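K.L.:
Fold the following for me, if possible:
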Amino acid sequence: MTNMQDTVLHLRGTRMSHILRVQTAALKALHDYMYENGVVQSMPVILSPETDPLNHPHFDASVEYYGQRLHLTKSMIMHKQLALLNDGLDKIYIMSPNVRLEQGSLGETGRHLFEFTQVDIELKDATKRDFIAFVDGMVASVFAFVKKECGEDLEALGRRLRTPEMPLKVYESEDLRARYGDDFERVASETEKDPFWVLNFKREFYDREDKERRGYYHNYDVFWPEGYGEALSGGEREWEHQEILRKMSERKTNTESFKRYLEVASSGLIPPTVGGGLGIERMVRFLTGQRHVRDVALFPRVPGERIAF
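P.N.:
Coordinates of the predicted model:
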């Protein structure tokens, strides 16, 4: 938003009312799908002494409270793992607000907000194949419900929403890189007609690496088609203390910043889990066919832009 007049026009525009109705329907479909599949909802954590390290450039967001440094949650990955220590829980999800103070250049991508919400899911004693099947069903449910309930809104927005073919296609990242080059994520997103999976990315210490095939990671992203880019990111999790320490060392992660998490890991209590986070604003942007993710947020927080309200 460049000035107050633009902000007021954004808030009052009829387009926003159509977008929010689509968002409401999509969120209902997500909650219903979780309930029908026995996934228990937990409330989000906003401040924590330990949060996702995000192994890419960003600004830290933290406050001091009674002598303790607390970080605004970048994602609830570790909290999801710890929640599943409970023997009575095997599936959990959170509508998780996240604050990631990204560099201003990312504001131009059309995909980034520095304050956003994702549905964060974690399944215990499951594999990436289990998670892929679970998310395929979730995506199908959202599309079916939105198309059924929001036909007039989609028409007003000029959006023709294609029903994805199931199951969603699954690609290996190295195969796409060989086909499209290093910019394979963008090219594949522009090429595909339906959402699709890409496997195997080297990322944070908590994504499980194959012990028999070092350098291969049991993680994944989902991408929206039509050039809309990344939708979901996740993977199978490391739960063994020594593997977590090894990968922290490789990534030069400060272990002191995760000492409580590592204490639990050293006890052997963390169970094998798999999960991921689906960005809500990015999903609504795709469903409604908007140019920039700022267009689907009433009060957008775009990297590099000043905030009006």
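K.L.:
quick one: contacts for the closest residue to residue 116 other than its chain neighbours?
P.N.:
Among residues not flanking residue 116 along the chain, residue 281 sits closest, at 5.2 Å (C-beta to C-beta, 6 or more residues apart in numbering). In this view, the C-beta of every residue, glycine as well, is placed from N, C-alpha and C. Residue 281 is in contact with 113, 116-117, 293, 296-297, counting by C-beta atoms under 8 Å, 6 or more residues apart in numbering.
K.L.:
Can you lay out these as CSV showing secondary structure?
P.N.:
Shown next, in CSV, are these (DSSP: H, G, I helix; E, B strand; the rest coil):
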residue, secondary structure
113, coil
116, strand
117, strand
293, helix
296, helix
297, coil
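K.L.:
just to revisit the earlier point, secondary structure class for the residue nearest to residue 116?
P.N.:
With three-state DSSP as the criterion, residue 281 reads helix.
K.L.:
so how far is residue 37 from it?
P.N.:
24 Å (C-beta to C-beta, to the nearest Å).
K.L.:
again, but for residue 77
P.N.:
Taking C-beta to C-beta, one finds residue 77 at 21 Å from residue 37.
K.L.:
Neighbour count for the two, which is higher?
P.N.:
residue 77 (25 against 14; other C-beta atoms under 10 Å).
K.L.:
okay, the more buried one: pLDDT?
P.N.:
Listed pLDDT for residue 77 reads 94.
K.L.:
Show me what the nearest residue to residue 219 once chain neighbours are set aside is bridged to.
P.N.:
Distance criterion C-beta to C-beta, 6+ apart; nearest residue to residue 219, sequence neighbours excluded, is residue 235 at 2.6 Å. Residue 235 has these beta-bridge partners by DSSP bridges: residue 219, residue 275.
K.L.:
quick revisit: including pLDDT, neighbour count and distance to residue 4, could the contacts of residue 281 go into a markdown table?
P.N.:
As requested, those are exported to a markdown table (pLDDT from 0 to 100; neighbours: other C-beta atoms under 10 Å; distance: C-beta to C-beta, whole Å):
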| residue | pLDDT | neighbour count | distance to residue 4 |
| --- | --- | --- | --- |
| 113 | 96 | 25 | 20 |
| 116 | 97 | 19 | 23 |
| 117 | 97 | 19 | 25 |
| 293 | 97 | 24 | 21 |
| 296 | 97 | 24 | 20 |
| 297 | 97 | 23 | 17 |
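K.L.:
And residue 256, how far from residue 69?
P.N.:
Taking C-beta to C-beta, one finds residue 256 at 12 Å from residue 69.
K.L.:
Same drill for these two, tell me which one is more crowded.
P.N.:
Between residue 256 and residue 69, counted using other C-beta under 10 Å, the more crowded position is residue 69 (12 against 7).
K.L.:
which residues does the residue nearest the centre of the chain contact?
P.N.:
Geometric centre of the chain, nearest residue: residue 277, 3.2 Å, by C-alpha atoms, centre = their mean. By C-beta under 8 Å, 6+ apart, residue 277 lies in contact with 75-77, 96, 118-121, 232-234.
K.L.:
now residue 38
P.N.:
Residue 38 touches residue 91, counting by C-beta under 8 Å, 6+ apart.
K.L.:
Repeat that for residue 177.
P.N.:
residue 184.
K.L.:
where does it land on pLDDT?
P.N.:
Value for residue 177, per-residue pLDDT: 98.
K.L.:
again, but for residue 141
P.N.:
Reported pLDDT for residue 141: 98.
K.L.:
Chain neighbours aside, what residue packs nearest to it?
P.N.:
Going by C-beta to C-beta, 6+ apart, residue 141 has residue 33 as its nearest residue, at 4.6 Å.
K.L.:
Tell me where the stretch 1-150 of the chain has helices.
P.N.:
4-12, 14-36, 77-83, 128-149 (DSSP state H, counting those that start in this stretch).
K.L.:
Now do the first one: everything it contacts.
P.N.:
By C-beta under 8 Å, 6+ apart, the list of residues contacting helix 4-12 from outside reads 1, 16, 298, 308-309.
K.L.:
export the residues you listed to a markdown table and tack on neighbour count, distance to residue 60 and pLDDT?
P.N.:
Listed next are the contacts of helix 4-12 as a markdown table, based on neighbours: other C-beta atoms under 10 Å; distance: C-beta to C-beta, whole Å; pLDDT from 0 to 100:
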| residue | neighbour count | distance to residue 60 | pLDDT |
| --- | --- | --- | --- |
| 1 | 19 | 25 | 55 |
| 16 | 16 | 32 | 96 |
| 298 | 10 | 27 | 95 |
| 308 | 15 | 24 | 85 |
| 309 | 8 | 24 | 89 |
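K.L.:
quick one: low-confidence parts of the protein?
P.N.:
Residue ranges of the chain with pLDDT under 70: 1-2.
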